[in-house]
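Colleague: what shape does this take:
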Amino acid sequence: MRIVRFLDGGTWRHFVESQPASNIFHTPEMFQVFTRAKRHRPMLWAVTDNGGQVLALLLPVQITLRGGFLRRLTTRAVVYGSVLYEPGSAGKEALAFLLHAYAQEAGREVLFTELRNLSDLSAVQPVLNDCGFLYEDHLNYLIDLDRPAEDVMQSIGARTRKHIQRGLKKREVVVEEITGRGQIGACYDLLRKSYAAARVPLADRSLFEAAFDVLHHQGMVKFWLARVGDAYVATSVELLYKGVMYGWYGGVDRAYAGYTPGELLMWHILKWGVENGYRLYDFGGAGRPDVEYGVRDFKAKFGGTLVNYGRNTRVHAPALLHLSRWGYTVYRQLFLRARLKNARSGDFSR
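Modeller: Sure thing, here's the model as predicted:
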């Protein structure tokens, strides 16, 4: 076995497509998206056997909030699709070899590495823990789309279903698909407003433009907007791969909450998925079970199955991480408070 840092597109794509547990974040296309996004630096780590067959794959994305002298304190690595390995003892051995090698180098560049598990990885949890990637609970909701749309509607909570049905009758909320790159700005403005209200950093606009440029023509992403009159009031971005819709980003203008645009947009997306042959909607995470999370409450209303695939994290620089967390608290209180003020006033120039 040997570590490689490059795979040709054919070999990479064949390995990913042949693995039942693969997801869109393992694809070369998603790697290209992150490559084009500011403050994102994707890396490829893989293990191959003597014949060049891929046995394990790791695709960490280094994300930096601030450059310059603050880069070391604000850079983490996220493996959005978690690890991918060939089932069996050889795959597990390759995964352990891969993670040990990665950890030796990553410690010089990032504070920590987080594996975001999108499927059940209980079979390799001992391997992950032995390599220093410690498990913690993290929830998600999955909605079965392989059934009639009416069945999906009936699975939605009674109160939310009533609001959706009333909104459909009134026809005040109109859902549109973004078909041109120039419309990304309307989507991003809504995301900025939502993330500022939650005091959470949002990825640079270049990430969404890259997703449109790389994925849209291949049918691997959908950008949606909901409007009331001429005002855009909600947005959602879904990634599409192997019959699964992944909820990636979403935002709502709270000033229009009375129209329930978020719920109506979500129903439109689920119905579209059913009608276009998708089998599953993955909400993309619902937080830790011991922490209140308003987004989880919204997702729970749609009647999906609650799963706990968890996340695994390895801290590479404990002292720096402690300092970084203190700095991030100050950042949220000062910088994001200013962003919230700008969002409320409609000023998105900063």
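
Colleague: right, and the helix or strand after the longest strand along the chain?
Modeller: The strand spanning the most residues in the chain, taking DSSP state E as the definition, is strand 231-241. For strand 231-241, the succeeding helix or strand toward the C-terminus, using DSSP states H and E, is strand 244-252.

Colleague: and the angle for the helix or strand following that next one with strand 231-241?
Modeller: Sequence-wise, the next helix or strand downstream of strand 244-252 (DSSP H and E) is helix 261-275. Taking axes from the mean of the first three to the mean of the last three Cα atoms, to 10 degrees, one finds helix 261-275 and strand 231-241 inclined to each other by 30 degrees.

Colleague: for helix 261-275, packing partners?
Modeller: For helix 261-275, the packing partners by 3 or more Cβ pairs under 8 Å, 6 or more residues apart in numbering; DSSP states H and E come out as helix 149-155, helix 158-170, strand 173-177, strand 221-228, strand 231-241, strand 244-252, strand 280-282. Just so you know, the C-beta spots here come from the backbone N, C-alpha and C atoms, and that holds for glycine as well.

Colleague: ok, now which ones touch residue 50?
Modeller: residue 1 (Cβ atoms under 8 Å, 6 or more residues apart in numbering).

Colleague: where does it land in three-state SS?
Modeller: Classification of residue 50 using DSSP: H, G, I helix; E, B strand; the rest coil returns coil.

Colleague: now residue 135
Modeller: Relying on three-state DSSP, one would call residue 135 strand.

Colleague: so it makes contact with residue 126?
Modeller: No - applying Cβ atoms under 8 Å, one finds residue 135 not in contact with residue 126, separated by 10.2 Å.

Colleague: who has more neighbours, those two?
Modeller: Legend: neighbour count by other Cβ atoms under 10 Å for residue 135 and residue 126, higher for residue 135 (17 against 11).

Colleague: who is that one paired with across the strands?
Modeller: With DSSP bridges as the criterion, residue 135 is bridged to residue 312.

Colleague: contacts only, for residue 308.
Modeller: Counting by Cβ under 8 Å, 6+ apart, residue 308 makes contact with 137, 138, 139, 140, 289.

Colleague: report pLDDT for it.
Modeller: According to the prediction, residue 308 has pLDDT 98.

Colleague: and it, backbone torsions?
Modeller: Dihedral pair for residue 308: phi -130, psi 80, per degrees, to the nearest 10.

Colleague: repeat that for residue 172.
Modeller: Here is the backbone geometry of residue 172 (degrees, to the nearest 10): phi -80, psi -20.

Colleague: oh, and call the first residue 46 from now on, that's how I've got it
Modeller: All set: I'll call the first residue 46, so the last point we hit is now residue 217.

Colleague: where does pLDDT dip in the stretch 296-395 of the chain?
Modeller: Counting by pLDDT under 70, the stretch 296-395 of the chain shows low-confidence ranges at 364, 366-395.

Colleague: related to what we said a few turns ago, how far does the longest strand of the chain sit from the chain's center?
Modeller: How far strand 276-286 lies from its chain's middle: 13 Å, per Cα atoms, centre = their mean, to the nearest Å.

Colleague: flag every buried residue along it.
Modeller: Neighbour-count burial for strand 276-286, counted by 16 or more other Cβ atoms under 10 Å, picks out 277, 278, 279, 280, 281, 282, 283, 284, 285, 286.

Colleague: tell me the secondary structure at residue 330.
Modeller: Relying on three-state DSSP, one would call residue 330 coil.

Colleague: now list the buried members of the contacts of residue 353.
Modeller: Buried members of the contacts of residue 353, scored by 16+ other Cβ under 10 Å, are 183, 184, 185.

Colleague: could you double-check that the second one sits in contact with residue 333?
Modeller: Yes - taking Cβ under 8 Å as the contact criterion, residue 184 and residue 333 are neighbours in contact, 7.2 Å apart.

Colleague: contacts only, for the most centrally placed residue in the chain.
Modeller: With distances taken as Cα atoms, centre = their mean, the residue of the chain nearest its centroid is residue 293 (4.6 Å). The contact partners of residue 293, taken as Cβ under 8 Å, 6+ apart, are 266, 282, 283, 284, 329.

Colleague: save those as a markdown table, and put in distance to residue 89 too.
Modeller: As requested, the contacts of residue 293 are arranged in a markdown table below (distance: Cβ to Cβ, whole Å):
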| residue | distance to residue 89 |
| --- | --- |
| 266 | 21 |
| 282 | 24 |
| 283 | 25 |
| 284 | 19 |
| 329 | 23 |
